[in-house]
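*Asks:* below is the structure, and that's it, no one-letter string:
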Ligand code: AMP
Ligand code: MG
């Protein structure tokens, strides 16, 4: 089976292949699938390890929040808090290239790594029968960025995915060329005023008409960095973070890596994928007033360590009071 190690298994999207994809996703494996925008690299959005595997496969040097895909609009109710504005645009534009950023629901099963530690989650219902059949077969929300290595162009054909990701993906469902080829519009409805985070397949004017409101635009953000749309674009603990620590100072919590005792341990075996999977949940668990700060042991600068360190450096950077 050496070919299985070097070549991704591409299958035309028959019912049997979609069922296989559903099994793989439930097992925590990655499946690439067509949407109306581009091919997505899907993993179980409720499984931290599967989401870590997405970042590993893409080779991204940073964690950015992923879009969580659902088969039916009603499926977002368990994941995020849905208000009347969200219902209005969903009724008009779903399924389609519109992503909504909404507050995380209490007890949302979505991995904190999928939302890069944020209190909001981006959700979308793709307008593609294969995508929705796969998500239904998996019977869970699917986190999916574009199915290419970091820095490469977004794939609009199954062959592009195979070239870019190869054996990093368990299965590639071939649905032919993608129709839109443009990314989804990202609309932030987590704040008081709706904000456009990224222009895309659904025009801004149509959204403004459906909402009866003017959107805060990305250009407004540069002038007013504290506008609601920019709130918490990066997660950082409220207590101080100290990097490259060998041990905790009195009052500090120690976030360990490797075979050391810590207040918590990202991965006792030093596995960086396990560490990534645990990162945001453990930072949050240690972000408590009884600690004066969080001391974090050194993380190796390779593989997912690059993305972990990128996030930790931001968390440790001085911030405005
Ligand atoms: P893509 O990499 O094409 O899947 O795009 C995902 C887009 O959604 C990026 O622009 C992300 O920054 C944005 N996004 C995803 N989740 C969130 C979130 N919780 N808050 C703000 N933006 C988000
Ligand atoms: Mg991309």
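*Replies:* Now that the structure is in, tell me what you want to look at. Quick caveat: nothing in here was measured; it's all calculated off a predicted structure. Ligands and ions are numbered 1, 2, ... in the order given.

*Asks:* which bits of the stretch 1-150 of the chain sit near ligand 2?
*Replies:* Along the stretch 1-150 of the chain, the residues adjacent to ligand 2 under the rule Cβ under 5 Å from the ion are residue 146. The C-beta positions use only the backbone N, C-alpha and C, and glycine is treated the same way.

*Asks:* can we see that at 8 Å?
*Replies:* Residues of the stretch 1-150 of the chain lying close to ligand 2 (Cβ under 8 Å from the ion) are 38, 145-146, 148.

*Asks:* among those, which one lies nearest to ligand 2?
*Replies:* Distance to ligand 2, by Cβ to the ion, is smallest for residue 146 among these, at 3.4 Å.

*Asks:* residue 156 is in contact with the closest one, correct?
*Replies:* No: Residue 146 is beyond contact range of residue 156, at 9.6 Å (criterion: Cβ atoms under 8 Å).

*Asks:* now the strands for the protein?
*Replies:* Per DSSP state E, the chain carries strands over the ranges 10-12, 31-33, 40-44, 67-69, 98-103, 120-124, 142-143, 171-174, 185-188, 195-198, 240-242, 252-256, 264-265, 293-296.

*Asks:* want to try TSV for the ones you listed, with distance to residue 162 and mean neighbour count as columns?
*Replies:* Formatted as TSV, the strands of the chain follow (distance: least, Cβ to Cβ, whole Å; neighbours: other Cβ atoms under 10 Å):
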stretch	distance to residue 162	mean neighbour count
strand 10-12	6	14
strand 31-33	9	30
strand 40-44	12	30
strand 67-69	21	26
strand 98-103	26	23
strand 120-124	24	25
strand 142-143	20	28
strand 171-174	6	24
strand 185-188	28	24
strand 195-198	27	19
strand 240-242	40	17
strand 252-256	38	23
strand 264-265	37	18
strand 293-296	38	25
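
*Asks:* what's the closest of those to ligand 1?
*Replies:* Among the strands of the chain, strand 120-124 comes nearest to ligand 1, with 3.2 Å by Cβ to the nearest ligand atom.

*Asks:* just want the angle from that closest one to strand 40-44.
*Replies:* Put simply, strand 120-124 runs at 120 degrees to strand 40-44, going by axes from the mean of the first three to the mean of the last three Cα atoms, to 10 degrees.

*Asks:* who are the packing partners of strand 120-124?
*Replies:* Secondary-structure packing of strand 120-124 (3 or more Cβ pairs under 8 Å, 6 or more residues apart in numbering; DSSP states H and E): strand 67-69, strand 98-103.

*Asks:* TSV for the ones you listed, including mean pLDDT?
*Replies:* TSV is the format used below for the helices and strands packed on strand 120-124 (pLDDT from 0 to 100):
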stretch	mean pLDDT
strand 67-69	98
strand 98-103	98
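
*Asks:* if we can go back for a sec, out of residue 146 and residue 156, which sits in the busier spot?
*Replies:* residue 146 (23 against 19; other Cβ atoms under 10 Å).
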